[in-house]
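Asks: Pasted the sequence and its predicted model underneath.
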Amino acid sequence: MHKSVLLQETINGLQLKKGDLAIDATCGAGGHTKELAQRVGPKGRVLAIDRDKNALDIARSVFRGENVTYALADFANISKIAKANGFFDVSAILADLGVSSMQLDDPARGFSLKSRGVLDMRMDTKSSEVTASDVVNHYEEEALANIFFKYGEEKYSRQVAKAIVDYRKEHRIEYTDQLAEVVRGVIRAKRARKIRNSKFNIRNSKIDPATKIFQAIRIEVNQELKQLESALPQMVDLLLPGGRLAIISFHSLEDRIVKDFFKKSSLDCLCPPDFPKCQCDHAKTLKVITRKAIKPTVKEISINPRSRSAKLRIAKKIN
């Protein structure tokens, strides 16, 4: 069952009032949406967006608040979606960037390392064309290595890419467990060699060796980082002065984009320090509320282990 991460910390941080307009840019199973709807009350409105039809259908079935409008769409186009649904000058926008438990636990979606499933990994299975299978079976070796290094921060990216290309010469890689075993074989061999050559005792990680590769492929398939970069400035434009933006990220690449965007948007000048006079004409639009990212408590992690890597950042629009 899906559990909304950092639920109360997020909702409290948005400081909503009765009658406000709010947007949940990544509705998922609707946990955050339900809380937003309760905070704004019957005179307020919430727009719940998700690119995954299955998730949106579940959210609708679980919570049918009269003040909630559901939209099947990609949040990279949030400005267009919001305005099409009458959401102008909103008080709060939330985006939870994590893959939901429903998606991870469904073998047919191809996200999971724990069970056999067809390599898919699309958040939007209706209109998106590129699947994880396409990436793994058709991308050139160099392209795969670059994706694994850039999106997975995997130090054995080139070795893994070569192993995949060698394997697919004999067998098409159709299933998650096939891919996972190829990756595990490479990384475990590299780790074993490192341990043999090291003077120190290197403990085996509890994290599956294929985790970073699966993350990288998922990001490539769904173009997640590009969509985030596109959505952030649109979100700020949609906010009223004083409105708040909350982003929950689950890996360092996402968090770095959010952190850098918040920082740049909170500065009056982006010119190099040695410039005698500002030439950029940049004006700050945000005040960063969370000096450091908010993380789940030990209690929440014990209840929901998948929350352990979550980071929440909140900013307020100032003009």
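Replies: In hand now; what should we look at? In this text the structure is predicted, and so the values were computed from the model without any measurement.

Asks: what ranges do the helices span in the stretch 201-319 of the chain?
Replies: For the stretch 201-319 of the chain, helices defined by DSSP state H, counting those that start in this stretch occupy the ranges 211-222, 224-238, 252-265, 298-303.

Asks: Now do the second one and helix 252-265, the angle between them.
Replies: Angle, helix 224-238 to helix 252-265, by axes from the mean of the first three to the mean of the last three C-alpha atoms, to 10 degrees: 30 degrees.

Asks: okay, how far is it across stretch 232-250, tip to tip?
Replies: 16 Å (C-alpha to C-alpha, to the nearest Å).

Asks: How about it, which residues are buried there?
Replies: For stretch 232-250, the neighbour count (16 or more other C-beta atoms under 10 Å) marks 232, 234-236, 238-239, 243-250 as buried. In this view, the C-beta of every residue, glycine as well, is placed from N, C-alpha and C.

Asks: now the farthest one out in the protein, which residue is it?
Replies: Computed with C-alpha atoms, centre = their mean, the residue of the chain farthest from its C-alpha average is residue 276, at 39.3 Å.

Asks: Relative to residue 240, how far out is the most centrally placed residue in the chain?
Replies: The centre of the chain sits closest to residue 97, judged by C-alpha atoms, centre = their mean, with a distance of 2.7 Å. Distance of residue 97 to residue 240, computed by C-beta to C-beta, to the nearest Å: 23 Å.

Asks: Which residue ranges of the stretch 1-150 of the chain form helices?
Replies: 7-14, 31-40, 53-62, 78-84, 101-105, 132-138, 141-152.

Asks: CSV for the ones you listed, including mean pLDDT?
Replies: CSV is the format used below for the helices of the stretch 1-150 of the chain (pLDDT from 0 to 100):
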stretch, mean pLDDT
helix 7-14, 96
helix 31-40, 94
helix 53-62, 87
helix 78-84, 97
helix 101-105, 73
helix 132-138, 97
helix 141-152, 98
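
Asks: out of those helices, deepest packed?
Replies: Across the helices of the stretch 1-150 of the chain, averaging neighbours per residue (mean count of other C-beta atoms under 10 Å) puts helix 31-40 on top, at a mean of 23.

Asks: Compute the inter-axis angle for that one and helix 53-62.
Replies: 40 degrees.

Asks: hey, C-alpha coordinates of helix 31-40 in PDB?
Replies: Extracted C-alpha coordinates of helix 31-40, given in PDB (Å, rounded to 0.1, in the frame of the first residue of the first chain):
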ATOM      1  CA  GLY A  31      -2.600  11.000  -0.100                       C
ATOM      2  CA  HIS A  32      -1.300  14.600  -0.400                       C
ATOM      3  CA  THR A  33      -4.300  15.600  -2.500                       C
ATOM      4  CA  LYS A  34      -6.700  14.600   0.200                       C
ATOM      5  CA  GLU A  35      -4.900  16.600   2.900                       C
ATOM      6  CA  LEU A  36      -4.700  19.700   0.600                       C
ATOM      7  CA  ALA A  37      -8.400  19.400   0.000                       C
ATOM      8  CA  GLN A  38      -9.200  19.300   3.700                       C
ATOM      9  CA  ARG A  39      -7.000  22.300   4.400                       C
ATOM     10  CA  VAL A  40      -8.600  24.600   1.700                       C
END
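
Asks: What lies in contact with that helix?
Replies: 2-4, 7, 10-11, 14, 16-22, 24, 27, 44, 46, 48, 59, 62-63, 65, 67-68, 91-92, 94, 96 (C-beta atoms under 8 Å, 6 or more residues apart in numbering).

Asks: Return the members of those classed as buried.
Replies: Among those, those scoring as buried are 2, 4, 7, 10-11, 14, 16, 20-22, 24, 27, 44, 46, 48, 59, 63, 65, 67-68, 91-92, 94, 96 (criterion: 16+ other C-beta under 10 Å).

Asks: so what's residue 267 closest to, chain neighbours aside?
Replies: residue 284 (5.6 Å; C-beta to C-beta, 6 or more residues apart in numbering).

Asks: Kindly report the same for residue 163.
Replies: residue 186 (4.7 Å).
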